[in-house]
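Asks: following is a predicted model, sequence given first.
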Amino acid sequence: MLTPEEKWFFDHHGFIILRKVVPPEDIQLMIELGNSWHDMTLEELPPPLTSTSRIGNSSPTIAHWINNIQYGDEVFQRLVLNTEIMRVIIALTRAAPCLVDCALTKNYTSSDDIHFHASGQDYSVENGEPRAGFINAGTSLVDVPKGTGFICLPGSHKRNFDPPDNLSIYDGPPTVINVPVNAGDCVIFTEALYHGGRRWTADYPRFTIFNRYIDNGSHGRFPIESHRHLISDEVYELEQPAVQGQKKQVVKRILKELGSTYSI
Ligand SMILES: O=C(O)CCC(=O)C(=O)O
C-alpha cells in the first residue's frame, strides 16, 4: 500500500505529499463551485451545505470554509474516492476509514493566520506500518507559492515532549517547515502533527479542500439521511462508523483496483 519510502517519510515527518492527483477539469469545476458558495450567506447555501466557520463567534476575517461539499456536487465525491489519496488513507487507517468532514476553505490576503494546533496524539507504528487515528487530506486547487500556506513542526506527531510556547508559524527550518504545493497536489497529515497556515500572499485566492478521516467510530457524525440521495452508495458507506477489522465494500473495491492483497 505504502512504499518503504512513503512509510519512512510519513513516520519521520507526520505528513506525505501526493503530487498531481486531481484532473485539471475537476479542479476548475471545484473552483467555480467554491467561488459561488463562498459568495453566499449561510442561509443561501444549498442544504445540507453549511459553514461552521460562520456559526458562533469566529473571527470575521477567519479563512472561511464550507462543510458537507460532497453533497453539493459529484466532483467532490470523486475527490473523496480518489484512488491515489485513498491508497494512503486506507493504509493509515488499517483499512477502516470513516469520512468525517469535507470542507472547502478559501483564503484571501486579508484572511487570518492559522496558528499552530494539533488534535490528539493518536499516531503509532503497528506491525511495521504507520497508523493514524485522525487524518486530514488537504488538496490544493491552486498553486501555493513558497513561504505561504501550510506549515508544520515536522515530527511533532510523535509528541514525546511538548513544543516550546514561543514558536511562530513564520519561523523557518529546521523547526518549522512550509510545504509549497501546486494545484492538484494533496498533503495528507495526521492531525496529531502541529500544523497551521501562513497568511496568503498571492493575487488570487487560495482554495483547499480538507477531507478528514478517522479509523474508529465516526466522532458522533453520520451521513445526512435527509440528503442521502445526493451522494453515492460508496460515499454513504465511507461516512458510516469505522470498525477495526471490518473492511467496507468501498475499501474492498479500491483495494481490488489497486491490485492490493492488503490484509489486516
Ligand atoms: O492553511 C492550511 O493549510 C492549514 C489548515 C489547518 O490548519 C487546518 O485545516 O486545520
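Replies: Okay, I see it.
Asks: okay, now the unreliable bits of the stretch 151-264 of the chain?
Replies: Residues of the stretch 151-264 of the chain that meet the criterion pLDDT under 70 lie in 261-264.
Asks: so which bits of this structure are right by the ligand?
Replies: Among all residues of the chain, those adjacent to the ligand (criterion: CB under 6 Å from any ligand atom) are Ile114, Gly138, Gly149, Phe150, His195, Gly196, Gly197, Thr208, Phe210. (Each C-beta comes from the backbone N, C-alpha and C, glycine too.)
Asks: which residue is the nearest non-sequential neighbour of the fifth one?
Replies: Nearest residue to His195, sequence neighbours excluded (CB to CB, 6 or more residues apart in numbering): Cys152, at 4.1 Å.
Asks: what sits opposite that neighbour in the beta ladder?
Replies: Using DSSP bridges, the bridge partners assigned to Cys152 are Ile177, His195.
Asks: any idea how far it is from Arg206?
Replies: Distance check for Cys152 against Arg206: by CB to CB, to the nearest Å, it reads 17 Å.
Asks: ditto for Lys20
Replies: Spatial separation of Lys20 from Arg206 under the definition CB to CB is 18 Å.
Asks: what about these two, which has more around it?
Replies: For Lys20 against Arg206, the residue with the higher neighbour count under other CB atoms under 10 Å is Arg206, and the figures read 23 against 13.
Asks: double-check that Ile135 belongs to a strand.
Replies: Yes: read with DSSP: H, G, I helix; E, B strand; the rest coil, Ile135 is one of the residues of a strand.
Asks: before we move on, what SS does the nearest residue to it once chain neighbours are set aside have?
Replies: With CB to CB, 6+ apart as the criterion, Ile135 has its nearest non-adjacent residue at 4.8 Å, and that residue is Tyr213. Here Tyr213 takes the strand state, with states given by three-state DSSP.
Asks: number of nearby residues for Tyr213?
Replies: Using other CB under 10 Å, Tyr213 is surrounded by 27 other residues.
Asks: so it makes contact with Ala95?
Replies: No: here Tyr213 lies out of contact with Ala95, judged by CB atoms under 8 Å, at a distance of 11.9 Å.
Asks: pretty sure Met30 sits in a strand.
Replies: No: secondary structure assignment places Met30 outside any strand; it is helix (three-state DSSP).
Asks: OK, contacts around it?
Replies: Val75, Phe76, Leu79, Leu104, Leu141, Phe207, Ile209 (CB atoms under 8 Å, 6 or more residues apart in numbering).
Asks: ok and the residue in the stretch 51-200 of the chain nearest the ligand?
Replies: Each residue of the stretch 51-200 of the chain has a distance to the ligand, by CB to the nearest ligand atom, and the smallest belongs to Gly197, at 2.5 Å.
Asks: the residue nearest to His195 contacts Val176, doesn't it?
Replies: Yes: taking CB under 8 Å as the contact criterion, Cys152 and Val176 are neighbours in contact, 7.4 Å apart.
Asks: residues near the closest residue to His13 other than its chain neighbours, how many?
Replies: Here the nearest residue to His13 in space, its sequence neighbours aside, is Pro154; by CB to CB, 6+ apart that works out to 4.6 Å. Pro154 has 19 neighbouring residues, counting by other CB under 10 Å.
Asks: state the helix or strand in which Pro154 lies.
Replies: Secondary structure from DSSP states H and E places Pro154 outside every helix and strand.
Asks: distance from the centroid: which residue in the chain tops it?
Replies: The outermost residue of the chain, judged by C-alpha distance from the chain's mean C-alpha position using CA atoms, centre = their mean, is Asn166 at 26.9 Å.
Asks: fine by me, we can end here.
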